[in-house]
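A.B. asks: can you look at this prediction? I've put the sequence above it.
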Amino acid sequence: MEHVVAAAVIDAHGIVTGWSEGARLLTGHAAEEVVGRAAADLLAEELPPLPARARAWTRPTLVRHRDGRPVTLTVTACPVLGPEGEHAGWALTAERSSGPEPTLAGRAFQQASMSMSVFDPHQRYLRLNEVACKVMGVSEDVLLGRHFPDTVQEAEHSRGFNWHLRHVAETGRPIRYESWTGAPSLNREHAWTTEMWPVREPSGEVVGVALAAFDSTEQYLARQRLALLNEAAASIGTTLDIVRTTEEVVDLLVPRFADFVSVDLLDWVLGADEPPPVPDGEVVLRRVAHGSAHEGTPEAAVRLGGTDVHPPFSPPARALREGRAVRIQAGEPDFMSWLAERNARAPEGRRFRSGVHSVIAVPLRARGTTLGVLVGVRIAHPDDYEADDAVFAEELASRAAVCIDNARRFARERITALALQHSLLPRGLPGQAAVEVAHRYLPSGSTAGIGGDWFDVIPLSGSRVALVVGDVVGHGIPSTATMGRLCMAVRTLADVDLPPDELLTHLDDLVTHLAAYDDAGEDVAELGATCLYAVYDPVSRRLTLAAAGHPAPALVLPDGTAQLVRMTPGPPLGVGGLPFEAVELELPEGAVVALYTDGLIEDRDRDVDRATGELCSALTAPAATLDALCDTVLKAVLPEEPSDDVALLLARTRALGADQVATWDVEPDPARVAATRQAATEQLTAWGLEEAAFVTELVVSELVTNAIRYGAPPIRLRLIRDRSLICEVSDGSSTSPHLRRAHAFDEGGRGLLLVAQLTQRWGSRQTDRGKTIWAEQSLEPE
């Protein structure tokens with residue numbers, strides 16, 4: 001286009017008095033149309049009035065062309081003086097604001113890789129480079145001289161852009177900011193890093209605003225993906241529950257990464273089976289979690305918990321088979337086949353109608369094992385899945401798979417530990433008459449795993465019973481195995497009929513030896529093993545108990561009062577070298593003793609004293625049975641989500657009356673054996689147990705004779721009629737007899753063997769004054 005320069009003259013009153021041919025070419029107005037009119041009528045904007053006297057100036061001015069469109073001209077004004085030196089008007093020259101000459105700097109501006117523009121102080125376009133024109137979708141000629149808000153649709157981001165332009169023009173300070181916005185020629189939003197700075201005259205006056213906008217979408221999306229991965233590290237795997245972990249994956253990805261996400265797992269992951277190889281053909285997966293940006297998840301073709309069969313060409317089957325992310329886009333043959341197959345098996349109302357344009361399937365692999373597949377579908381999201389998205393999805397799926405595998409391993413170990421623990425805990429408590437018992441065991445629901453809590457009820461000689469509760473503070477299979485060893489050790493030591501404090505001393509030595517010889521190097525003492533052992537005698541109604549680092553039991557008397565038993569807890573098992581102290585109580589019939597593990601009263605957010613108070617209060621609550629009382633205690637005392645295992649053992653005491661026990665002091669004279677035997681027979685007749693007289697006579701004769709011959713005074717015979725008939729002979733010697741095989745010519749040695757053959761069981765126990773030999777006959781009908 002020919003370079004045109006216009007000239008015009010304006011008098012002191014703003015009236016046009018001169019108009020050149022160049023002015024007609026630039027504005028379309030002929031001289032006869034303009035001369036005599038106010039110059040302001042030709043402007044497309046309102047300008048401040050010209051001063052009466054001013055220096056020459058140059059500025060971009062928006063003029064209204066004769067055809068109505070605005071034209072930006074670069075106007076230079078020089079003051080005109082009259083004969084007396086007074087201000088007489090202005091001489092104007094103007095040319096089209098078509099940008100600088102194509103110098104090296106001009107070409108650099110036009111060819112810059114970022115969007116660059118220049119605005120006047122009133123936010124009108126003065127210059128745009130090629131990238132800016134592409135972003136706006138029009139040529140530079142269309143935008144020059146136009147006000148920015150008139151060139152874009154009214155939106156929040158355009159208002160913000162215009163505000164920044166005004167702010168720089170008004171303050172003269174540069175601004176740098178980032179935004180996520182669209183543009184007229186772009187089909188989606190982009191990330192922009194925009195720098196705006198003022199353009200000044202040599203005098204410092206701001207005459208324009210320049211900007212450079214860099215499309216930082218890739219960097220922005222990369223930061224978003226990195227932030228999402230960081231968020232995944234904190235939000236996925238918060239629990240060791242497979243289903244909850246997959247739900248956390250879905251919650252993280254919808255809607256930021258996909259409009260619909262599903263997580264399907266192979267069936268063996270949810271069970272206890274070993275992983276089979278991934279099939280080459282169809283793949284059967286079970287839906288564990290899915291989520292959608294739309295309410296009701298209309299995109300889900302499979303219900304939660306249901307199975308789905310994926311053909312070999314489908315993205316999930318390919319991802320599992322190839323071990324990598326698989327992307328398909330709308331228009332591809334595989335996409336169309338997958339969409340048709342998926343819609344064919346989806347129920348009505350859950351078929352993809354339109355808008356689905358990109359799918360990604362990522363295998364869930366952890367520690368070399370394939371667990372399932374994650375599928376993402378984009379519908380409203382404008383972008384197809386790209387290679388960077390696949391890299392991100394594989395990284396996130398890898399992290400999620402490790403969390404899912406951890407949950408699977410935890411579930412498997414928990415099931416194993418729970419099965420082992422249940423096999424070691426008593427299922428049906430043995431029959432005995434000393435106490436009525438009820439018990440509860442609750443495994444921990446925390447991620448730490450099954451603990452080592454245990455309890456037992458062990459019948460002892462003389463109708464006595466041992467009540468045991470213990471705790472190995474660690475968790476998992478090692479703690480459960482240790483618990484089993486301690487449980488068996490207590491049963492073995494209880495069979496020797498040791499007093500509680502002595503039994504704990506032997507158990508402490510055993511734990512120390514176990515820790516020393518454990519091949520795995522697992523110190524039982526470091527696990528914090530504790531134990532409470534109590535023996536109740538229904539004849540004397542005495543309860544003797546000792547503890548190794550275990551909480552004291554609670555006692556509820558028949559009058560309804562409850563309190564903790566005052567006792568010294570002693571050191572935990574495995575410490576060694578420290579004594580255990582036994583406490584003896586005389587209990588009325590009907591008293592309830594509550595033994596428990598620390599999981600019932602201890603928690604990081606609970607006060608122990610308050611919890612024990614709640615326990616004592618709950619034990620006094622009315623309950624029809626001991627089982628009901630167990631439930632009442634757990635409901636009142638136990639936290640909603642206990643962090644440790646809980647074992648609770650309740651025992652209501654019974655007493656054997658004087659009519660069930662007969663006692664004789666025996667003189668250490670063999671001649672008294674017959675009289676003692678006769679007295680025992682008469683007592684059996686009084687009890688109506690004549691059928692047991694023959695065996696009882698033989699047992700009494702043998703045990704009393706041995707006490708007289710090998711023992712020491714005082715000698716005492718006691719018969720106890722309970723569920724069985726118990727014969728006890730005590731003497732002052734601590735030497736215990738034992739079975740031996742008598743030879744053909746031996747005169748003795750056959751008595752105890754005869755006793756063992758005729759009775760249900762027999763044994764001996766140490767007492768404070770010597771020992772007691774006992775034998776037990778069953779009174780139950782055969």
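C.D. replies: Here it is on my side, so go on.

A.B. asks: show residues contacting the helix or strand encompassing residue 677.
C.D. replies: Element membership of residue 677 [criterion: DSSP states H and E] is helix 673-687. Applying CB atoms under 8 Å, 6 or more residues apart in numbering, the external contacts of helix 673-687 come out as 662, 664, 666, 690, 692-693, 696-697, 700-701, 704-705, 708, 717, 719, 721, 725, 727. For every residue, glycine as well, the C-beta is placed using N, CA and C.

A.B. asks: now the element after that helix, going C-ward?
C.D. replies: Counting by DSSP H and E, the next helix or strand C-terminal to helix 673-687 is helix 693-710.

A.B. asks: return the list of helices and strands in contact with that next one.
C.D. replies: Here helix 693-710 touches strand 661-666, helix 673-687, strand 715-721, strand 724-731, helix 751-758, strand 770-778, going by 3 or more CB pairs under 8 Å, 6 or more residues apart in numbering; DSSP states H and E.

A.B. asks: relative to strand 724-731, how tilted is that helix?
C.D. replies: Put simply, helix 693-710 runs at 20 degrees to strand 724-731, going by axes from the mean of the first three to the mean of the last three CA atoms, to 10 degrees.

A.B. asks: now tell me what touches helix 693-710 from outside.
C.D. replies: 666, 668-670, 672-673, 676-677, 680-681, 684-685, 715, 717, 719, 725, 727, 729-731, 733, 735, 737, 751-752, 754-755, 758-759, 773, 775, 777.

A.B. asks: buried residues, that helix. List them.
C.D. replies: Neighbour counts over helix 693-710 (16 or more other CB atoms under 10 Å) mark 693, 695-708 as buried.

A.B. asks: what does stretch 120-136 give?
C.D. replies: 120-133, 135-136.

A.B. asks: first vs last residue of that stretch, how far apart are they?
C.D. replies: Stretch 120-136 stretches 18 Å from its first residue to its last (CA to CA, to the nearest Å).

A.B. asks: any idea how far it is from the chain center?
C.D. replies: The chain centroid and the centroid of stretch 120-136 are separated by 53 Å under CA atoms, centre = their mean, to the nearest Å.

A.B. asks: for residue 165, give me its contacts.
C.D. replies: 119, 123, 148, 196, 209, 211.

A.B. asks: okay, it and residue 120: tell me how far apart.
C.D. replies: 10 Å (CB to CB, to the nearest Å).

A.B. asks: what does residue 650 give?
C.D. replies: 90 Å.

A.B. asks: neighbours of residue 441, how many?
C.D. replies: 17 (other CB atoms under 10 Å).

A.B. asks: now residue 570. Nearest residue, chain neighbours left out?
C.D. replies: Closest residue to residue 570 in three dimensions, ignoring its sequence neighbours and counting by CB to CB, 6 or more residues apart in numbering: residue 580, at 4.5 Å.

A.B. asks: how is this structure divided into domains?
C.D. replies: Using automatic domain parsing, the domain ranges for the chain come out as 5-96, 104-215, 227-414, 428-653, 658-778.

A.B. asks: next helix or strand past the helix or strand of the chain with the lowest mean pLDDT?
C.D. replies: The least trusted helix or strand in the chain, going by mean pLDDT, DSSP states H and E, turns out to be helix 524-527, with a mean of 49. Toward the C-terminus, helix 524-527 is succeeded by strand 529-537 as the next helix or strand (DSSP H and E).

A.B. asks: who does that next one pair up with?
C.D. replies: Here strand 529-537 is paired, per DSSP bridges, with strand 465-475 (antiparallel), strand 542-548 (antiparallel).
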